[in-house]
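K.L.:
Below are the sequence and a predicted model for it; my questions follow.
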Amino acid sequence: MNQVAAARIQGSVRIVGAGLLGTSIGLGLSKLGVHVTLEDASPANLKLAIDYGAGKACSAVDKPAVIVVCVPPDVTASVVHRELSDFPEAIVTDVASVKTQVLTELAALGSDLTRYVGSHPMAGRERGGAISGRADLFVGRPWVISANPQSNPQAVSAIEDLAIDLGSAPLRVSAHEHDRAVALVSHVPQLVSSLLAARLIEAESSDVSLAGQGLRDTTRIAASDPKLWIQILAANAAEVAPILKAFEADLHTVVESLENIDQSGSLARVSRALEAGNQGVERIPGKHGTKQTAYAQLVVMIADKPGELGRLFNEVGEIGVNIEELKLEHSPSAPVGLVELYVLPSLEKKLIAELEARGWKIAG
């Protein structure tokens with residue numbers, strides 16, 4: 001029988017906002033046996049999160065040790081202030097994706113900042129709501145801890161324990177450093193993805209029908225909630241705008257070169273832009289924050305029928321090979337799909353031989 005690991009966090013946890021992050025936090029902590037209570041402005045959303053097992057409904061006698069505020073950015077500060085006032089012994093954190101504005105608003109409200117520690121788990125999904133919650137959402141992901149100068153050391157430690165309990169790696173970063181970083185690695189990518197996807201609105205249907213994995217990869221996050229993102233961008237506009245300016249300059253260089261492709265140096269400028277992209281990708285951390293590993297890639301063809309994908313994964317497991325990464329490509333009208341498997345180079349030949357022996361077709 002599997003033993004449940006003991007939680008580091010002490011006492012009960014109150015979660016305000018049972019959306020994707022709030023529900024996922026509740027699910028993860030509840031699995032560890034932590035007593036979790038939930039509050040949400042939407043009764044339906046709250047009921048769904050409770051039914052999922054993310055926690056229990058709050059009551060007037062609750063005395064939480066830690067409160068996690070998981071509400072939209074434009075109301076985060078007011079809710080944190082309320083929680084600090086209503087529960088004068090609790091440590092309060094929030095998971096808003098912009099930290100400086102929240103801290104500034106709390107200071108203006110006269111909040112007790114000794115018990116407040118801002119935080120931000122660097123995890124999410126394109127779709128929000130309790131229905132998308134997952135207990136393992138934060139596993140292996142960084143969890144930014146943005147303590148303020150008045151934060152009590154015990155409060156900081158408690159929020160770090162929360163992150164560790166959920167499988168995250170806590171990382172202490174100031175509010176300003178956090179906002180500058182997420183502008184580059186999260187907020188600008190969202191805008192670029194959305195702007196690219198917007199080009200599809202007036203495109204010919206026959207053109208869109210040719211879409212492959214490249215377009216799906218670059219527009220995946222364009223499916224995110226616009227109402228949430230307008231709040232995030234408004235709160236971090238000062239950090240986002242300069243990065244977009246630099247992006248605009250790079251884009252202008254490429255456009256000008258393509259418009260004058262026959263002129264000397266034009267191809268070289270486009271080539272430099274592509275090579276710079278290669279260099280940038282190499283800096284993105286790999287699994288669990290480690291340096292990216294150059295995996296071997298093989299493409300397996302699978303029939304478009306129920307159970308085939310699961311059978312492939314099971315047989316790869318039987319062969320004794322771990323799938324490090326994977327991508328799926330399938331057009332609705334095609335009778336087969338393509339599964340790109342990424343494995344350690346030392347295992348590539350073994351996997352190909354074993355899969356072919358079992359009747360799988362390797363496309364590349």
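P.N.:
Ah, there it is.
K.L.:
The residue lying closest to residue 137 once chain neighbours are set aside sits in which helix or strand?
P.N.:
Nearest residue to residue 137, sequence neighbours excluded (Cβ to Cβ, 6 or more residues apart in numbering): residue 24, at 4.1 Å. From N, CA and C alone the C-beta is placed, and that goes for glycine too. Element membership of residue 24 [criterion: DSSP states H and E] is helix 20-31.
K.L.:
Repeat that for residue 137.
P.N.:
Assessed by DSSP H and E, residue 137 sits outside every helix and strand.
K.L.:
what's the neighbour count on it?
P.N.:
By the criterion of other Cβ atoms under 10 Å, residue 137 has 22 neighbours.
K.L.:
Who are the contact partners of the residue nearest to residue 137?
P.N.:
Residue 24 makes contacts with 54, 123, 133, 134, 135, 137, 138, as judged by Cβ atoms under 8 Å, 6 or more residues apart in numbering.
K.L.:
circling back: just how off-centre is the helix holding residue 24 within its chain?
P.N.:
15 Å (Cα atoms, centre = their mean, to the nearest Å).
K.L.:
Let me know the average pLDDT across it.
P.N.:
Helix 20-31 shows a mean pLDDT of 96.
K.L.:
neighbouring strands for the next helix or strand after it, and are they parallel or not?
P.N.:
The helix or strand immediately downstream of helix 20-31 is strand 36-39, counting by DSSP H and E. If you go by DSSP bridges, strand 36-39 pairs up with strand 13-16 (parallel), strand 56-57 (parallel).
K.L.:
All the strands of the stretch 101-250 of the chain, residue numbers only.
P.N.:
For the stretch 101-250 of the chain, strands defined by DSSP state E, counting those that start in this stretch occupy the ranges 116-121, 142-147, 169-172.
K.L.:
tell me which residues of the shortest one are tucked away?
P.N.:
For strand 169-172, a neighbour-count test (16 or more other Cβ atoms under 10 Å) marks 169, 170, 171 as buried.
K.L.:
that older thread, in TSV, list the strands paired with strand 36-39 along with distance to residue 186, mean pLDDT and mean neighbour count.
P.N.:
Shown next, in TSV, are the strands paired with strand 36-39 (distance: least, Cβ to Cβ, whole Å; pLDDT from 0 to 100; neighbours: other Cβ atoms under 10 Å):
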stretch	distance to residue 186	mean pLDDT	mean neighbour count
strand 13-16	23	98	26
strand 56-57	32	96	14
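K.L.:
I'd like those written out as JSON lines, with distance to residue 356 added.
P.N.:
Output for the strands paired with strand 36-39, formatted as JSON lines (distance: least, Cβ to Cβ, whole Å):
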{"stretch": "strand 13-16", "distance to residue 356": "50"}
{"stretch": "strand 56-57", "distance to residue 356": "53"}
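K.L.:
Of all the ones you listed, which one is nearest residue 223?
P.N.:
strand 13-16 (25.3 Å; Cβ to Cβ).
K.L.:
any residues touching that closest one, and which ones?
P.N.:
22, 25-26, 29, 34-40, 54-55, 58, 62, 64-71, 79, 83, 87, 90, 162.
K.L.:
Phi and psi next, for residue 283.
P.N.:
phi -90, psi -10 (degrees, to the nearest 10).
K.L.:
still on that earlier bit, deepest-packed of the strands of the stretch 101-250 of the chain, please.
P.N.:
Compared across these, strand 116-121 shows the largest average neighbour count, a mean of 26 (mean count of other Cβ atoms under 10 Å).
K.L.:
hang on, the earlier thing: would you mind telling me which of the strands paired with strand 36-39 is nearest residue 317?
P.N.:
Of all the strands paired with strand 36-39, strand 13-16 sits nearest to residue 317, with 35.4 Å by Cβ to Cβ.
K.L.:
Going by residue numbers, what spans are helices in the stretch 251-364 of the chain?
P.N.:
With DSSP state H, counting those that start in this stretch as the criterion, the stretch 251-364 of the chain has helices at 266-282, 308-319, 348-357.
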